[in-house]
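Student: turn this into a structure:
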Amino acid sequence: MPGKNIYEPIGHHYIVESSGCDPKIIGSIEKVQEILVKAAEIAGAQVWAISFSRFPPNGVSGVVVISESHISTHTWPEMGYGALDIYTCGNNIDPEKAVIFAVESFGAKTSHITEITRGIDEGDHIFYHSFVTWEEKLKKGGRKKDGSK
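Tutor: Predicted coordinates for the structure are as follows:
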């Protein structure tokens with residue numbers, strides 16, 4: 001629309017389903033924590049706090065609080081499944097790098113990713129969001145995107 005101001009969204013939120021994950025990796029508090037902290041660093045985020053715990057029988061839950069928001073997970077090693085939630089504010093970091101690093105590091109064979117663009121404002125301070133969803137089939141030595149983003 002001519003003359004209309006363009007406003008940047010406030011945040012990007014990724015909801016990720018990781019399937020076929022390596023149970024030895026996603027069942028280890030130490031490995032999952034290391035992966036998510038490294039994912040934050042790869043994305044260019046500043047880590048503020050880290051908290052991870054084991055849940056019976058062998059799942060791992062954890063959160064990495066970053067200055068831009070958070071990266072969190074809960075895993076089900078017995079099903080080879082890891083759920084990831086990566087939310088970042090601003091446009092100074094690349095959360096998709098964190099998503100791809102975490103999914104590949106979990107040893108996932110497939111992932112289902114929804115990216116929600118949050119805090120969209122057209123200048124009236126009424127905020128909304130939009131989303132896109134895609135699949136990733138992962139193979140040794142790289143990833144293959146199925147569908148379009």
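Student: how many neighbouring residues does P57 have?
Tutor: If you count neighbours by other Cβ atoms under 10 Å, P57 ends up with 9. In short, each C-beta sits where N, CA and C put it, glycine included.
Student: actually T133, not the one I typed
Tutor: Neighbours of T133 (other Cβ under 10 Å): 12.
Student: so it is in contact with S111, correct?
Tutor: No - the pair T133 / S111 is not scored as a contact, 11.0 Å apart, by Cβ atoms under 8 Å.
Student: distance from the chain centre to stretch 49-66, please.
Tutor: 15 Å (Cα atoms, centre = their mean, to the nearest Å).
Student: show me the contact partners of that stretch.
Tutor: Contacts with stretch 49-66, where a contact means Cβ atoms under 8 Å, 6 or more residues apart in numbering, come from 26-29, 32-33, 36-37, 39-40, 45-48, 70-78, 88.
Student: any of those buried? List them.
Tutor: Using 16 or more other Cβ atoms under 10 Å as the burial test, those include 26-28, 32-33, 36-37, 39-40, 45, 70-77, 88 as buried.
Student: in helices, which of those residues appear?
Tutor: Assignment to helices by DSSP state H places the following of the buried ones among the contacts of stretch 49-66 there: I26, V32, Q33, L36, V37, A39, A40.
Student: now do the contacts for the residue nearest in space to the middle of the chain.
Tutor: Residue closest to the mean C-alpha point of the chain, counted by Cα atoms, centre = their mean, is I86 at 3.5 Å. Applying Cβ under 8 Å, 6+ apart, one finds that I86 lies in contact with H13, Y14, V16, A39, H70, I71, S72, P95, A98, V99, A102.
Student: mind putting those residues in TSV, distance to I116 included?
Tutor: Listed next are those as TSV, based on distance: Cβ to Cβ, whole Å:
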residue	distance to I116
H13	4
Y14	8
V16	12
A39	18
H70	14
I71	15
S72	15
P95	11
A98	15
V99	12
A102	17
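Student: which one among those residues gets closest to R118?
Tutor: Nearest to R118 out of the contacts of I86 is H13 (Cβ to Cβ; 5.4 Å).
Student: burial of that closest one, as a residue count?
Tutor: When neighbours are defined as other Cβ under 10 Å, H13 has 20 of them.
Student: who's V16 bridged to?
Tutor: Beta-bridge partners for V16, by DSSP bridges, are L84, I113.
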